[in-house]
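Undergrad: quick one: sequence plus predicted model below, questions after.
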Amino acid sequence: MLSTNATDQSWNFLPATPASFDTSKKNDFEAFVLHKNYGFLISTSEFELNAKRATEPKTLNLTATKDIYEFFYLLDPGSAISLAYKKQVSERQYIDCYAFSGLVIGSCPGADLTLRNTNEKYEDLNDSLLFIDGGNEALELTYRLAVDNFFMDEFSLGFEVTDITYSWLTPLEDIRAGFLLNLNINGQTLGTRISNELAKLPQRKGWSSAQLNFNLLKSFDLTQSISFFYDLDFIYMDHGDYQRINKIPDSNFKIRSGLKYTLANIELSLFGDFYKNNLLGFEPITLNQRIEHYSSQNFGSIGAQIIFHF
């Protein structure tokens with residue numbers, strides 16, 4: 001299976017996005033093998049999210065890869081259980097400059113103040129002001145049941161536990177010069193503004209989240225080769241020791257619907273996705289203190305998928 005979906009700020013037929021949002025894209029590859037009562041699925045995906053801002057950092061780019069390995073056991077012809085291991089890792093994000101109410105600190109051309117630190121621990125910054133690493137690992141146990149009624153063809157219930165970690169590094173933490181920290185910028189000292197921004201960076205202490213995943217699928221034949229389908233997901237989450245700055249939802253809802261064309265052993269689908277609370281629970285790498293205030297906003301995308309049966 002090959003799949004791709006995308007979102008663009010200029011696509012006004014999708015749910016409205018934040019002003020800083022630019023584009024996002026996700027590509028998936030999946031293979032499944034079934035032998036007697038046993039099955040194995042391997043999946044890999046790449047998720048990209050790009051933002052543009054009026055102040056530094058003016059561009060932010062997140063790229064994360066996710067690998068899934070899932071083992072299936074068929075209980076009978078109409079039901080199965082599976083155990084999945086998931087791992088998602090983001091590419092290191094480098095930020096060259098940061099604006100503190102008009103004062104730009106960093107190494108970009110428009111910087112008002114440049115920080116240099118010869119401490120060996122900052123060598124990996126490569127002259128940037130900040131880097132951020134992130135990743136997560138998850139285990140999910142799922143029960144699937146084939147049904148035959150007007151509302152669904154398949155139903156599944158899963159329980160998932162995810163361990164999430166972030167790390168970051170910046171010399172802003174080591175500013176000791178009192179005259180810098182006490183600079184007054186629009187009614188606040190630079191030291192206070194730096195502390196406030198650092199508090200919004202992803203928490204360094206890892207945390208675990210638990211979630212219940214409900215899914216149902218349904219397809220309606222329109223012609224011999226064309227069908228309409230919908231794929232519904234509902235998630236309920238416990239965010240564990242995540243340190244919220246803002247109130248964030250404990251649930252999310254996603255619907256994918258579209259048309260599928262079947263020819264021999266090939267299926268081609270065109271679809272749209274709608275998320276009630278952004279990508280919360282679907283892309284764990286998108287939850288941290290920097291962007292959690294977007295988690296209650298709608299999100300949408302359009303995409304295509306092709307499946308080969310052998």
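TA: Received it, and whenever you're ready, just let me know what you need. This structure is a prediction, so every number in the text was calculated from the model and none was measured. Numbering: from 1, shown residues only.
Undergrad: who does the host helix or strand of Val89 pair up with?
TA: Assessed by DSSP states H and E, Val89 sits inside strand 79-90. Its sheet considered, strand 79-90 pairs with strand 59-76 (antiparallel), strand 130-146 (antiparallel) by DSSP bridges.
Undergrad: what's the end-to-end length of stretch 49-67?
TA: Using C-alpha to C-alpha, to the nearest Å, the end-to-end distance of stretch 49-67 comes to 18 Å.
Undergrad: okay, and the beta partners of Leu60?
TA: Beta bridges link Leu60 to Ala51 when assigned by DSSP bridges.
Undergrad: if you could redo that for Thr189, that was the one I meant.
TA: The partner list for Thr189 in beta bridges (DSSP bridges) reads Asn184.
Undergrad: what does Phe29 give?
TA: Going by DSSP bridges, Phe29 forms beta bridges with Leu2, Thr44.
Undergrad: and it, how many residues sit next to it?
TA: Using other C-beta atoms under 10 Å, Phe29 has 12 other residues around it. Backbone N, C-alpha and C define where each C-beta goes, glycine included.
Undergrad: check the one 10 residues further on too.
TA: Gly39: 16 surrounding residues under other C-beta under 10 Å.
Undergrad: and the nearest residue to it once chain neighbours are set aside, what does it touch?
TA: Using C-beta to C-beta, 6 or more residues apart in numbering and skipping the chain neighbours, the partner closest in space to Gly39 is Phe72 (3.4 Å). Residues near Phe72 by C-beta atoms under 8 Å, 6 or more residues apart in numbering: 34, 38-41, 80-82.
Undergrad: try it again at 6 Å.
TA: 39, 80, 82 (C-beta atoms under 6 Å, 6 or more residues apart in numbering).
Undergrad: and Pro77, its phi and psi?
TA: When read as degrees, to the nearest 10, the backbone of Pro77 gives phi -60, psi -20.
Undergrad: what residues does it make contact with?
TA: Taking C-beta under 6 Å, 6+ apart as the definition, Pro77 has no contacts.
Undergrad: try 10 Å
TA: By C-beta atoms under 10 Å, 6 or more residues apart in numbering, Pro77 lies in contact with Ala146.
Undergrad: distance of it from Ala84?
TA: Remark: distance between Pro77 and Ala84 (C-beta to C-beta, to the nearest Å) = 22 Å.
Undergrad: do the same with Phe214
TA: 16 Å.
Undergrad: when these two are compared, which one has more neighbours?
TA: Neighbours were counted for Phe214 and for Ala84 using other C-beta under 10 Å; Ala84 has more, 18 against 14.
Undergrad: the helix or strand hosting Ser219 packs against which elements?
TA: Here Ser219, judged by DSSP H and E, is contained in strand 207-221. Here strand 207-221 touches strand 130-146, strand 154-169, strand 226-238, strand 251-263, going by 3 or more C-beta pairs under 10 Å, 6 or more residues apart in numbering; DSSP states H and E.
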